[in-house]
Structure formats: C-alpha cells, structure tokens
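Asker: The following comprises the amino acid sequence and a computationally predicted model.
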Amino acid sequence: MDVTATAQPSTASPMAARTRLLLEAPIAPTLLRLAAPNVAVMLLVAATSTFDAYFVGWLGPEALAGVSLVFPVMMLLQTMAAGGMGGGVASAVARALGAGRRDDANALVAHALVIALAMATIFTTGVLRGGPALYRAMGGTGAALEAAVAYSNAIFGGALAFWLLHTLGSVVRGTGNMLLPAAVIVGAGAMHLTLCPSMIFGWGPFPELGVAGAGSSLVTSFSVGSLVLIGYLRSGRTLVRLSLRGIRFRRTLFWEILRVGAPGALNTVLTNVTVVVLTGLVGPFGTFALAGYGMGARLEYLQIPLVFGLGSALVTMVGTNIGAGHMVRARRVAWVGAGLAATVTGSIGLFGAFFPSAWIGLFSADLEVLVAGAIYLRIVGPTYGFFGLGLALYFASQGAGRLLWPLVAGFARLLIATGGGWIAIRWFGGGLASLFAAIAIALVVYGATVAVAVKAGAWR
C-alpha cells in the first residue's frame, strides 16, 4: 500500500486547513457535514430519475418496458463513472494531498481525463453496436424493443458527457470540496427536469423526440455541468488545477487511479450484470412483468446514488487518513458511515415493502404492472439495509485502496441472484416470487460478506 506514515500535510495554507479537518476533526459531524450536500444532491438525482420515468410512462407500458431494458446499462455507465472509476480518482487525489504530494495531485487531473475519454469511447461504440442485440436477449420485442433502442442511442451517443461530469466531480471531491460538485449536479438535474418533458412531447421550441427526448435531455444537462467543472478547475481557486501545459503522462499516476478505479469499475459491472441477467429472467413472464420488475428494481438502484452521497465523503476521509498513516481513525470513519447507510437504505426498503403501490403507482396504473412490482418490493425491500451496508464499506475500501473483499461479495451476489433465480425458475418451476427470493438472499450475503471481511482486518 502507498502509505507514507511520516509525511505530514503542510499547515501553511487554507488548503492544508481543509486536509487537517479530515485528519483531526470529530468523525461523525465531519462525515455528515461532508456527506450532506452529496446526499441532498443524490436525493435530487433520485427525484429526477423518478420524474424521468414518470414522463416516459405517459407514452405507454411499451415505452416504460423499453426504458426498463436500458436502465441497467445506463446505471452501469453512471455507477462506473461516478462510484467505480470516479472513486479511484477521488481516492488518488485524496491520498496525494494527505501525503503532501501537491504536484502529483495536479497531474492526476489530466490522467483522469485520459481515462474518462477512453471509457466513454468504449461505452459509445460498444452499446451503439451491441445494444439492440442485448435488449432483444433481455426479452425486448416489438414496440418495447424500438423504444429501448431509441432511448439507448440518445444516452450512449453522449456517453462522454457522463464520464466528464463524474470524473471532474470526483477530482473536486478528492480535495474535500463536496459543495461544488453537489451544486453542479443540482443545476444539471434542474435543467433535465425542465428539458425532459419538452423534448419528449415537443413542447415550446423543441422537436417531439418521444422516448429519445428523455435521453437527449440528460446528455445536454450533463454537458453543461461538465463545462462548469472544467472552468472551476482551471480557475486556480481550488486545491488542484486542471492544466495540460507541460504535462508528462506517467504510468505511476495512471496506476494510482486504476489500482482502485479498475476493481471499483469491475464491481459496478458485477452489480449491473446482475440486474441485466435478472431482467432477462423476468422477460419471459411478459411485458407487464418486465415493466413492474423494472420499476421495483429502480428503487433498489436508487440506493446506489443515495449511498454514493455518503460514500464519496467516505472515500475522501478514509483516503486522506490512510495517506497520512492514520489507520485506526480510517476504520472508525468506515464503520460510522456504514451504520448510517444501512439505516437509511433499510428504512427505504421497509417503506417499499409495506407500501409498494406508493412507489409502483407513480409510473403505471395497470394492475398487472402493480402486482409484479409489489411482489418484488415485498420480498426484496426488507433486505435493502444489507445492500446499503455493503455499498458504504465498498466506498470506504476504495479510500483504503483495498477492494478484494467487495469484489468477492459482488461475485457472490451475482452467482446467488442469477444462478439461484435460474434454478428456481427452470428446475423447480417457480414464479416471479422465487426469483425475487434469490435476489433477497444475494443482498444479505453481499452486505454480510463485506462487513465480516472489514471487521476481520481486510485493510491490513
């Protein structure tokens, strides 16, 4: 591990004061103060996503089913850029600043942008070429498949906007500044809420794009947000500065990002492949079951950005303390954050289980869609607390640069949910309830595995 136990941050500038706060201030209040803007923003993102589907629902259940097919792949893009590779970027910047390596922190910005450009290219070319076949394999047919392809092309044609926004936001978070990325995402979300219905239905000066309008609106909003962050990082008013002048790309700095970001990205792949495969298992039950499961699973997905709000603070606090050699304090930070995340996500899951129509009814009034979504939430919702626990410790492990056990837990979740669900349906002739039971068991195993590993000393 790249721990420089003897290195101490400078105390001669306001910048060092921010780093000192991460190293010395009381844990819970500091963590909550850092997380508050991100959590508020992620609540807005959750609301934005909900309204997005709300407007698409006006186009009919086929459009809703089409968006459900794309949703796991879109979330793979977002979670990989923000929580996977983005966590690697924030962790690298935080560790460099914690160890007093200011020049390396500056150079990491350009290295992070190169990685973002490469990843955006992979997503755009891969999904534009392979998307239709993927959505067909997941059970999409007819009008639902057409809607999926239209929405997907709009989103992934502009994948660079997602990568730039999340990468630059991660750089700023790595310095301990959570407010600016939060404000930028709030602005982008507000813009999306305004543009989304206009671009779907052709209101005002906009053409009627149908379901593709929802994707185009999101890409436009994220592009504007990216430009704001570029301007800030070039202004010289932050701990690190974006500049390409005289830059020399170094393997060691790419490694500083990728040694945390690559396993993190793999973890997001596991999470989203799980949902893609599960969506494919639900597909044979019909379009209404697909729409109901998609809207139910959307609540599970929303736990990711919510915990990310807390997790981005965990990455920075744990990373800075690890960089300064404060291992005991880093572990305390992790457990405080994990407890908060489990409480919040567990409460949301229980609400969904007891009042499923309050959530599913936001998107559809069709009885078959409501029934399928309610079955999912009543079985899986009570286990959301384990999902939040595992996710929070995953982010803390990013800060520590130790992602082996979160990856092991992700593999276990994938195998139990998809393998167990397939066996329940194909071998034992079970229905949707048996598939959803496998998903619930997988979430419990995921959270418990990461927690036991960290408690047993996985960061040594």
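Answerer: Received it, and whenever you're ready, just let me know what you need.
Asker: after the host helix or strand of residue 396, next one along is what?
Answerer: Taking DSSP states H and E as the criterion, residue 396 maps to helix 384-400. Sequence-wise, the next helix or strand downstream of helix 384-400 (DSSP H and E) is helix 404-414.
Asker: orientation of that next one relative to helix 384-400 in degrees?
Answerer: Compare the direction of helix 404-414 with that of helix 384-400 by axes from the mean of the first three to the mean of the last three Cα atoms, to 10 degrees and you get 150 degrees.
Asker: In helix 404-414, which residues are buried?
Answerer: Under the neighbour-count criterion of 16 or more other Cβ atoms under 10 Å, helix 404-414 has 405-407, 409-410, 412-414 buried. All C-beta spots, glycine's among them, are computed from the backbone N, C-alpha and C.
Asker: and of the residues you listed, the nearest to residue 438?
Answerer: Checking those against residue 438 with Cβ to Cβ, the nearest one is residue 413 at 10.3 Å.
Asker: how about the closest one, what does it touch?
Answerer: When contacts are counted by Cβ atoms under 8 Å, 6 or more residues apart in numbering, residue 413 touches 270-271, 274, 442-443, 445-446.
Asker: likewise residue 290?
Answerer: So residue 290 contacts 65, 68-69, 139, 144, 279, 282-283 (Cβ under 8 Å, 6+ apart).
Asker: quick one: which two of those residues are the most distant?
Answerer: Counting by Cβ to Cβ, the most remote pair of the contacts of residue 290 is 144 and 282, 12.6 Å apart.
Asker: tally of neighbours for residue 429?
Answerer: Residue 429 sits with 8 neighbouring residues when counted by other Cβ atoms under 10 Å.
Asker: now residue 78
Answerer: 26.
Asker: Kindly report the same for residue 262.
Answerer: Neighbour count of residue 262, defined by other Cβ under 10 Å: 16.
Asker: my guess is it meets residue 88, correct?
Answerer: Yes - at 7.1 Å, residue 262 counts as touching residue 88 under the criterion of Cβ atoms under 8 Å.
Asker: what helix or strand does the spatially most central residue of the chain sit in?
Answerer: The centroid of the chain falls nearest to residue 79 when counting by Cα atoms, centre = their mean (3.0 Å). If you go by DSSP H and E, residue 79 is part of helix 61-79.
Asker: so how far is that helix from its chain's centroid?
Answerer: Centroid separation between helix 61-79 and its chain, computed with Cα atoms, centre = their mean, to the nearest Å, is 14 Å.
Asker: quick one: which of the contacts of residue 290 is nearest residue 208?
Answerer: Among the contacts of residue 290, and counting by Cβ to Cβ, the member closest to residue 208 is residue 144, at 19.8 Å.
Asker: burial count for the closest one?
Answerer: Residue 144: 25 neighbours (other Cβ under 10 Å).
Asker: Also the one 10 residues further on?
Answerer: Here the count is done by other Cβ under 10 Å, and residue 154 has 22 residues near it.
Asker: Mind checking which of the contacts of residue 413 are in strands?
Answerer: Residues of those located in strands (DSSP state E): none.
Asker: pLDDT weak spots in the stretch 51-200 of the chain?
Answerer: 51 (pLDDT under 70).
Asker: again, 90 this time
Answerer: For the stretch 51-200 of the chain, applying pLDDT under 90 flags the ranges 51-88, 90-92, 94-103, 134, 137-144, 173-183, 185-190, 192-194, 196.
Asker: so what's residue 396 up against?
Answerer: Residue 396 is in contact with 311, 314-315, 318, 330, 333-334, 337-338, 454, counting by Cβ under 8 Å, 6+ apart.
Asker: Show the model's pLDDT score for it.
Answerer: pLDDT, residue 396: 89.
Asker: give me the number of residues near the spatially closest residue to it that is not a sequence neighbour?
Answerer: Closest residue in space to residue 396, ignoring its immediate chain neighbours: residue 334 at 3.6 Å, by Cβ to Cβ, 6 or more residues apart in numbering. When neighbours are counted by other Cβ under 10 Å, residue 334 registers 25.
Asker: shouldn't residue 334 be in contact with residue 311?
Answerer: No - contact status for residue 334 versus residue 311: not in contact, 10.4 Å apart, counting by Cβ under 8 Å.
Asker: list residues touching both of those two?
Answerer: Shared contacts of residue 334 and residue 311, counting by Cβ under 8 Å, 6+ apart, come down to 392, 396.
Asker: Could you measure from residue 371 over to residue 353?
Answerer: Going from residue 371 to residue 353 by Cβ to Cβ, to the nearest Å gives 15 Å.
Asker: typo on my end, residue 242
Answerer: Residue 242 is 45 Å from residue 353, by Cβ to Cβ.
Asker: Same check on residue 431?
Answerer: 18 Å.
Asker: Ok, residue 126 next?
Answerer: Noted for residue 126: a distance of 36 Å to residue 353, by Cβ to Cβ.
Asker: where does the nearest residue to residue 326 once chain neighbours are set aside fall, helix, sheet strand or coil?
Answerer: Once flanking residues are discounted, residue 326 sits nearest to residue 23: 6.3 Å by Cβ to Cβ, 6+ apart. Per DSSP: H, G, I helix; E, B strand; the rest coil, the secondary structure class of residue 23 is helix.
Asker: burial count for residue 23?
Answerer: 18.
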